[in-house]
Structures are given as structure tokens and as C-alpha cells.
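Participant: Predicted model and sequence follow; I will ask about them next.
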Amino acid sequence: MARVFKRKDRLNAMSEINITSLLDLVFCLLIIFMITATVIEQNIPINLPKQPRDPSAARDEKQKYVAVTIDKDDHYFFEKNPVSADDLRAEFKVLAAQPDPPVINLREDPTLSVQQQDDVLTMIQQAGLTKLSFPTQVK
């Protein structure tokens with residue numbers, strides 16, 4: 001015996017509510033809420049220090065800077081002189097022995113691995129130097 005799904009009386013009002021479109025709307029609003037909630041959470045208000053428009057103007061004229069460069073072939077340069085890793089450690093110790101140690105201006109090739117960068121930072125830390133700057137290009 002087959003089931004028949006026809007309504008007996010087509011003129012009577014339908015007593016069931018179709019909530020399919022309502023559920024679509026609720027799920028859409030839920031997704032929008034989840035996305036906006038994550039964006040709002042990451043917006044933490046803090047007072048950042050102001051930087052002058054000209055970065056070179058922010059430098060203290062009394063402060064001495066020493067350039068240390070690492071090229072893409074993992075060669076070290078102290079100022080403009082090529083040095084080995086051991087010589088660089090010795091230079092850092094000499095700088096740390098000064099009464100007012102200079103700022104190490106660490107210039108690195110962007111293709112260096114994290115390990116190569118970490119090796120130089122470890123040398124600087126072991127020497128006891130605490131002033132470090134990373135120059136960048138202005139885009």
C-alpha cells in the first residue's frame with residue numbers, strides 16, 4: 001500500500017511553519033558574530049610612544065653606533081672589515097668592556113635563516129651588550 005502525501009482539504013490554512021529560511025538567517029548571523037568577535041578581541045588600546053617623522057633625527061648625537069653586517073653567504077663584517085665568528089666575539093667583548101658601550105647596528109640579509117641570526121644575537125648577549133638596533137628600509 002503506497003502512502004499518499006496530498007492534503008485532503010486544500011482550502012484550509014497550513015498549520016506547520018517552514019523554518020528553513022529562518023535557520024539560514026540564524027546561521028549567517030552566527031558566522032558574522034564569530035568573525036567580528038575575534039576582530040574586536042585583538043584591538044587592545046595601548047599608548048605607544050611617538051616616533052619622529054625623520055628616524056635619523058631620533059638618534060642621540062652622543063651615542064656611538066657600530067655596524068655589524070651578515071651577508072647572504074654567512075660572512076661577518078665588523079664596520080666594513082670582514083671578520084670570522086671568533087674575531088666578532090672578541091670585538092663584542094672589547095665593546096662591552098667600554099664604560100659606555102655603543103649600540104650594535106645589526107644589518108642582516110633578509111634571506112638568512114633564523115639559526116644564523118640567532119648565532120649573532122647569542123654572541124652579543126654573551127658579551128654582555130644590551131643596546132641593539134635593526135635598521136630597515138623605508139618602503
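Facilitator: All right, it came through fine.
Participant: Strands of the chain, start to end?
Facilitator: For the chain, the strands defined by DSSP state E occupy 65-70, 76-78, 81-83, 103-108, 132-133.
Participant: packing partners for the last one?
Facilitator: Spelled out, that is strand 132-133. On a contact count with 3 or more C-beta pairs under 8 Å, 6 or more residues apart in numbering; DSSP states H and E, strand 132-133 meets strand 103-108. C-beta: built from backbone N, CA, C; applies to glycine.
Participant: now the strand it packs on, how far from the chain's geometric center?
Facilitator: 19 Å (C-alpha atoms, centre = their mean, to the nearest Å).
Participant: Would you reformat the strands of the chain as a markdown table and include mean neighbour count?
Facilitator: As requested, the strands of the chain are arranged in a markdown table below (neighbours: other C-beta atoms under 10 Å):
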| stretch | mean neighbour count |
| --- | --- |
| strand 65-70 | 17 |
| strand 76-78 | 17 |
| strand 81-83 | 12 |
| strand 103-108 | 18 |
| strand 132-133 | 13 |
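Participant: can you tell which of those is closest to L95?
Facilitator: Comparing the strands of the chain by their distance to L95 (C-beta to C-beta), the top pick is strand 65-70, with 6.5 Å.
Participant: Kindly export the closest one (C-alpha atoms) in CSV.
Facilitator: What follows is strand 65-70, C-alpha atoms only, in CSV (Å, rounded to 0.1, in the frame of the first residue of the first chain):
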residue,chain,number,x,y,z
TYR,A,65,76.9,53.2,16.7
VAL,A,66,78.8,50.2,15.5
ALA,A,67,77.7,48.4,12.3
VAL,A,68,77.8,44.6,12.2
THR,A,69,76.8,43.1,8.9
ILE,A,70,75.9,39.5,7.9
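Participant: which residues touch A96?
Facilitator: Counting by C-beta atoms under 8 Å, 6 or more residues apart in numbering, A96 touches 127-129.
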